[in-house]
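> here is the input, now give the coordinates:
(2 chains)
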Amino acid sequence: MNFLNCALPIAVLAPFLGALVVASLGAFHRAAPAWVAALSAFSALLVLIPAISGVIAGETMIQSWSWVPSVGLAFAFRLDGLSLMFTLMILVIGLLVILYAGYYLSPKDSTVRFFSSLLLFMGAMLGVVLSENLLLLLVFWELTALSSFLLISFWQHRKDARHGARMALAVTGMGGLALLGGVLMLGQIVGSYNLTDVLAAGEIIRAHEWYLPMLILILIGVFTKSAQFPFHFWLPHAMAAPTPVSSYLHSATMVKAGIFLLARFFPVLSGTSEWMWIVGTAGMLTLLLGAFVALFQHDLKGLLAYSTISHLGLITLLFGLGTPLAAVAALFHIINHATFKASLFMVAGIIDHETGSRDMRKLNGLLKFLPHTSILAIIAASAMAGVPLLNGFLSKEMFFDQAVVASGASSWALAIPVLATLAAIFSVAYSLRFVHDVFFNGEPVGLPRVPHEPPRYMRIPVDFLVIICLGVGILPALTVGPLLASASEATLQGKAPYYSLAIWHGFNLPLMMSFLALVGGGVVYIFRRRLFMWNERYLAHVDARIAYNGLLRGLNLMASAITRRFDKRSLQHTLAWTLGVAGLAAVAGFVSMDSPLFGDRELMDFDPVATIAFGGLMVASVVTVVMHRQRMVSLITLGVVGLLVSLGFSKFSAPDLALTQLSVEIVTVVLLMLALFFLPQSTVPISTRSRQFRDVILATGIGSGAALLTMAVLTRDLSPISGFFLQNSVPGGGGTNVVNVILVDFRGFDTLGEIVVLSIAGLGIVALLQKINLHAAETDLEGRRWNTDAHPLILQNLSRLLFPLMILIAAFIFLRGHNLPGGGFIAGLVAALAIVLQYLGNGIQWTSARIRTDMHKVIASGLFFAIGTGLVSILLRYPFLTSAFTYLKWPVVGKFEVASAMIFDLGVFLVVVGATVMILVELGKVNLLQARPGNQSKGGR
Amino acid sequence: METLVATSVGVMTACGVYLVLRASTFPVVVGLTLLSYAVNVFLFSMGRLKVGAPAVIDPAAEGYSDPLPQALVLTAIVIAFAMTAFVIVLALKARDELGNDHVDGAGGKLSSDEGGEA
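Numbering: from 1, shown residues only, chains lettered A, B, ... in the order given. Next up, the predicted model:
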């Protein structure tokens, strides 16, 4: 297969694989994780390179594999202009961040954890932008939230990091939930979750009655992820992350995921007034708020965070305007913002790294300490402010142009260019503050150390990004032109409108707005002190976080109030509720049934013996309840019930069940008896009358329901699926006992699961009984002391005599199991009984000295045989647990069948023996410990 | 005859439910065991009742009972035993650590409202 046919999944999975490698091997050398990370990002880039030229030419590459077609999930990927643009940003900026982080992290930070989380995040982002299937996209979307949580909380010891990460996860996770709902609705409207189908169904979607709720849900997902008002507040708190993380997540990737969805769904969702109002308003508010608040931040990263919010608002607003040209401008600004913001974050990191502070009130005049870095920062900040000859200027011009175009729509819309200019003024002001406050403006104040230039390789990523800012700013058509063109076509799903990427468009309104913004920004900056004082007095304490915390607290209180209402911390209470509700559901089922309650199947005649047996069963059950306070009595009647059940099985043609039930019954009664030794011999009546009455009513109701349901089934005819098993048991499984063949062959995997459960229960019991300290009653109910005699002589001798016979019977039952009633389960129980009988008859010390086998090992070997049989069939290239059989002729025995299922059954046998004996003997040993000499009165029974 | 089996399932269920709702651990374990009998017989009867027709392939046989519910119930019996064993040992452990055999480990002391009583 040509690997290009699966290049997209390879590219998406490469970072995940890298994360795995880093996590498992990264501890060998401190620098190794960074290299592995760079290598995975680079290889992802490499496999995509052959596809680039085609995509730029307008092709859409789709690589799809069926996954769960019944729910519309496909393992499908798509590379078109839009995804290519995002993929390149994710990978290229990702590579730069990896290089940068390699120098940024201090020796105390775990590089393994950092780079594996970063790679997880990178893979998830690639998955988001490259998914063709929307359900797959959602999976990756959630993964970005989870992995960004790991990244933001990287410095786990810091409270602000933990809080910030949790807030980001809560907000974006809530958005993810909304998005899930929206996408499911979208898929229902279109009838497919494939982007190709969705993108072709714009008309249907916009005309559908679900359009508005679906749009709102999707937009909540988008706005939370892309930090749009009113969900913007998590982003500044996420600045507690290490700076390389901020630089990656908050410039090019995580927050752009929401924007990406806006672009992706632009052709199908936009063009309605709802879209324009919701997206446009949110974008405009975010743009203004972010730009305004950014000016007042003293923390370098805080300023950049709010500036990011503002720029995301700008992009959202552009999409909200809804025109094709606005979409092109939005895409262009996505690229530009990613480059200058990533480099500015890196600069902030360098400054923090070199000076030990990010406070702009302390950082002054750094130009002479960090000349090279300062120049880079000044260029990038100018791009952010929209200074000509830099990339930010070009997209901002396009934005102004579109704002002016949009203003013609109504008198309200006149506000758009005005507000846009106002935001731009603040944008210039905070950029100016970033440059002037940090690099000029006197001398540094009280810095922990004298700053100097960072290591050369830490600066190279910034160099690279600033060169892109300049290159795009000066020669836009040559550098970014083709990529932008193909991204625009992919976003618009058609021909892009005419646009010019020139620097000079003549004297027009947008240029005037840019000029106004630059001058206005300067003026605002000059009068900043007055603004700062005003802000300090009226606005500084306003924080969406307070509302968020209040909301969270309220939710918690509500949840615990509801829980308290239903959960009284009482098992009885909970059980009564559960059973009551189940009973009501059953009643509802009976009532809503159309057909008559009973069918017309011919019933069997009463048979006197069976009538007596079942009558006895019912009487014994009732006696168990009536006498339940006298525990020993109720235990005996419980045994009677079990024995009668096994008689019932044998009556109704289920010999295997009868044998199993019989042997399990004995084991259960022995077990409960052993346990009863340590429990009160009688139950003190503590239930109130009313409680007892309620329980009787509940029990009678549920019992009647069960009886009616059984009767309803038994009076109806059956078309079973068992014909297959009956027909294939001999030819396919090589055994005539169909029940056993089902257990060890047809449904062998189920049986494997069951013996594993049995083993775990046995081990769990051993664990529970460790260091248990119990006190047994000294007398029975009538005040008689326990008998402390040695083990009864008759039982002793008989049990020794019976042992070989019982083992022989077990072997016999085991061997014939495939063809006649019997098999591993029953044989195992019989053998276990034989061993337990020795313990009962001869005491633990005597028996332990003779049966030295460790039951843990018996269980383990049983699982080994059972799983081994399955693995051998895999080795022979058959599905797991396929069985084979053949017939051998033995000299004396005659024709004899050998089936691999026998070995599986042997495994079952061993597990049953091991677990059963282990459970009983461990419990018996507790008895022994309590009955040591000195505790004479607590002797064994 | 079917009526007998159905009634037995009902009686075992009712007795099991009543015992499961008791406040001490031992009756609850006995109740669980009764309930598992009821469930096993219920599941078994889903294959309908037949007399004298075990699911052992024999050319002379006239018909077979449904082997599938039987296979399911067979393992269910063994698993029910494991569960009973686990729960009773849990009850012992609770008695050891909490000093009483109340299902909530409280003996009605912790919560005085109706949830705490037996």
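
> residue contacts, A:Gln297?
Contact analysis of A:Gln297 by C-beta atoms under 8 Å, 6 or more residues apart in numbering or on different chains lists A:Leu303, A:Ala305, A:Tyr306, A:Met360, A:Tyr430. (Glycine included, C-beta is placed from N, CA and C.)

> test my guess that the first one contacts A:Leu363.
No. With contact taken as C-beta atoms under 8 Å, A:Leu303 and A:Leu363 are classed as non-touching, separated by 11.5 Å.

> those two: which has the busier surroundings?
A:Leu303 (27 against 22; other C-beta atoms under 10 Å in any protein chain shown).

> just the pLDDT for the more buried one.
In this model, A:Leu303 is scored at 92, pLDDT.

> for the spatially closest residue to it that is not a sequence neighbour, which three-state class applies?
Closest residue to A:Leu303 apart from its sequence neighbours, by C-beta to C-beta, 6 or more residues apart in numbering or on different chains: A:Gln297 at 4.1 Å. Following DSSP: H, G, I helix; E, B strand; the rest coil, A:Gln297 is assigned to coil.

> what helix or strand does A:Leu768 sit in?
helix A:748-769 (DSSP states H and E).

> and A:Leu815, what element?
helix A:793-816.

> name the helices or strands packed onto that helix?
When contacts are defined as 3 or more C-beta pairs under 8 Å, 6 or more residues apart in numbering or on different chains; DSSP states H and E, helix A:793-816 sits against helix A:824-842, helix A:900-930.

> now stretch A:568-584, how far from the centre of its chain.
30 Å (C-alpha atoms, centre = their mean, to the nearest Å).

> show the average pLDDT along that stretch.
87.

> right, is it up against chain B?
Yes. Interface with chain B: stretch A:568-584 contributes A:Lys568, A:Arg569, A:Ser570, A:Leu571, A:Gln572, A:His573, A:Leu575, A:Ala576, A:Leu579 (C-beta under 8 Å from any C-beta of the partner chain).

> for these, which one is nearest chain B?
Chain B lies nearest to A:Lys568 out of these, by C-beta to the nearest C-beta, at 2.7 Å.

> need the CA coordinates for the helix holding A:Leu815. CSV is fine.
Output in CSV follows, covering the C-alpha atoms of helix A:793-816 (Å, rounded to 0.1, in the frame of the first residue of the first chain):
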residue,chain,number,x,y,z
LEU,A,793,-14.2,-40.0,65.2
ILE,A,794,-16.7,-41.3,62.7
LEU,A,795,-16.6,-38.2,60.5
GLN,A,796,-12.8,-38.3,60.7
ASN,A,797,-12.5,-41.9,59.5
LEU,A,798,-15.3,-41.6,57.0
SER,A,799,-13.9,-38.4,55.4
ARG,A,800,-10.5,-40.0,54.9
LEU,A,801,-12.1,-43.0,53.4
LEU,A,802,-14.3,-40.9,51.1
PHE,A,803,-11.5,-38.7,49.9
PRO,A,804,-10.1,-40.9,47.1
LEU,A,805,-13.6,-41.9,46.1
MET,A,806,-14.7,-38.3,45.8
ILE,A,807,-11.6,-37.4,43.8
LEU,A,808,-12.3,-40.4,41.5
ILE,A,809,-15.9,-39.1,41.0
ALA,A,810,-14.6,-35.7,40.3
ALA,A,811,-12.3,-37.1,37.6
PHE,A,812,-15.1,-39.2,36.2
ILE,A,813,-17.4,-36.2,36.1
PHE,A,814,-14.7,-34.1,34.5
LEU,A,815,-13.8,-36.6,31.8
ARG,A,816,-17.4,-37.3,30.7
